[in-house]
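> Generate a structure from the sequence data that follows.
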Amino acid sequence: IAFILALVVWVSAILADDPTQQRTVISPVPIEIIDKPADLKIMNTYVSEVNLTLKAPQSVWKELDENPSLIRAWVDLSTLHSGSFLVPVQVTIDQDLVRIVEQDPMQLDLTLETLVTQVFPVNLVSAGEVPIGYQAGVATLDPAQVTISGPISLVEKVKEVRAVLDVTGQDKDISKILSL
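As a prediction, the model looks like this:
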């Protein structure tokens with residue numbers, strides 16, 4: 001009985017000297033995206049920080065306030081493929097005696113798309129007319145094709161790649177950089 005009483009007194013003394021506090025972490029913790037496959041792109045906007053309410057002894061709070069890098073949040077995309085997913089936000093705290101009371105968000109809603117590359121020919125469109133007495137020659141393009149890379153849903157929307165050359169009033173050979 002004396003031992004139990006001594007243990008109770010010791011625990012009470014420790015708790016009185018370093019009381020446990022529940023508070024919200026001062027700054028939201030950035031959420032890291034880890035192990036995203038290189039052939040995927042996140043297509044939607046998502047919350048990039050997590051807000052945490054923790055319970056910890058006062059001495060631990062002091063360390064957390066002075067060194068926010070002790071708290072880390074991330075989502076792991078290593079096992080995902082193209083599609084929509086609810087991915088859990090993982091949180092680790094490099095400090096003992098800390099308990100997460102509340103976390104917002106608990107998960108991220110992410111839409112992932114496969115990245116593709118497709119080659120398209122460049123179509124030259126002449127606009128305007130050359131002056132009387134002149135004749136427009138055959139135009140050449142360099143390069144004659146372009147490579148477009150991006151999420152599949154956006155690359156599939158490309159129907160044609162076009163360059164417009166305005167020959168209005170031109171009476172000499174033209175060498176120009178054109179927008180596509």
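
> Now name the helix or strand holding the nearest residue to Ser82 once chain neighbours are set aside.
Nearest residue to Ser82, sequence neighbours excluded (CB to CB, 6 or more residues apart in numbering): Thr114, at 4.7 Å. C-beta here means a position set from N, CA and C on the backbone, and glycine is covered the same way. Using DSSP states H and E, Thr114 sits within strand 107-127.

> average model confidence for the one helix or strand Val60 maps to?
Following DSSP H and E, one finds Val60 within helix 58-66. Averaging pLDDT along helix 58-66 yields 84.

> Just the CA trace of the helix or strand following it, in PDB.
Using DSSP H and E, the helix or strand that follows helix 58-66 in sequence is strand 71-76. Provided in PDB are the C-alpha atoms of strand 71-76 (Å, rounded to 0.1, in the frame of the first residue of the first chain):
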ATOM      1  CA  ILE A  71       5.000  17.700 -36.800                       C
ATOM      2  CA  ARG A  72       4.800  16.300 -40.300                       C
ATOM      3  CA  ALA A  73       1.700  15.600 -42.400                       C
ATOM      4  CA  TRP A  74       1.600  13.700 -45.700                       C
ATOM      5  CA  VAL A  75      -0.400  11.700 -48.200                       C
ATOM      6  CA  ASP A  76       1.100   8.700 -49.900                       C
END
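
> ok, and for strand 71-76, which residues are buried?
By 16 or more other CB atoms under 10 Å, the buried positions in strand 71-76 come out as 71, 73-75.

> what do you get for stretch 48-67?
Buried, per 16+ other CB under 10 Å, within stretch 48-67: 50, 52, 54-57, 60-61, 64.

> so Lys41 bridges to which residues?
Assessed by DSSP bridges, Lys41 has beta-bridge partners Glu113.

> Local confidence estimate at it?
95.

> can you put the buried residues of strand 71-76 in TSV and add pLDDT?
TSV is the format used below for these (pLDDT from 0 to 100):
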residue	pLDDT
Ile71	91
Ala73	96
Trp74	96
Val75	97
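
> just to revisit the earlier point, and the contacts of the helix holding Val60?
Here helix 58-66 makes contact (CB atoms under 8 Å, 6 or more residues apart in numbering) with 18-21, 23, 25-26, 54, 56, 70-71, 93, 95-98.

> Format the CA atom coordinates belonging to that helix as CSV.
Only the C-alpha atoms of helix 58-66 are listed here, as CSV (Å, rounded to 0.1, in the frame of the first residue of the first chain):
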residue,chain,number,x,y,z
GLN,A,58,3.3,22.0,-21.1
SER,A,59,7.0,21.3,-21.6
VAL,A,60,6.2,19.4,-24.8
TRP,A,61,4.1,22.3,-26.1
LYS,A,62,7.1,24.6,-25.6
GLU,A,63,9.2,22.3,-27.9
LEU,A,64,6.5,22.1,-30.5
ASP,A,65,6.1,25.9,-30.6
GLU,A,66,9.9,26.4,-31.0
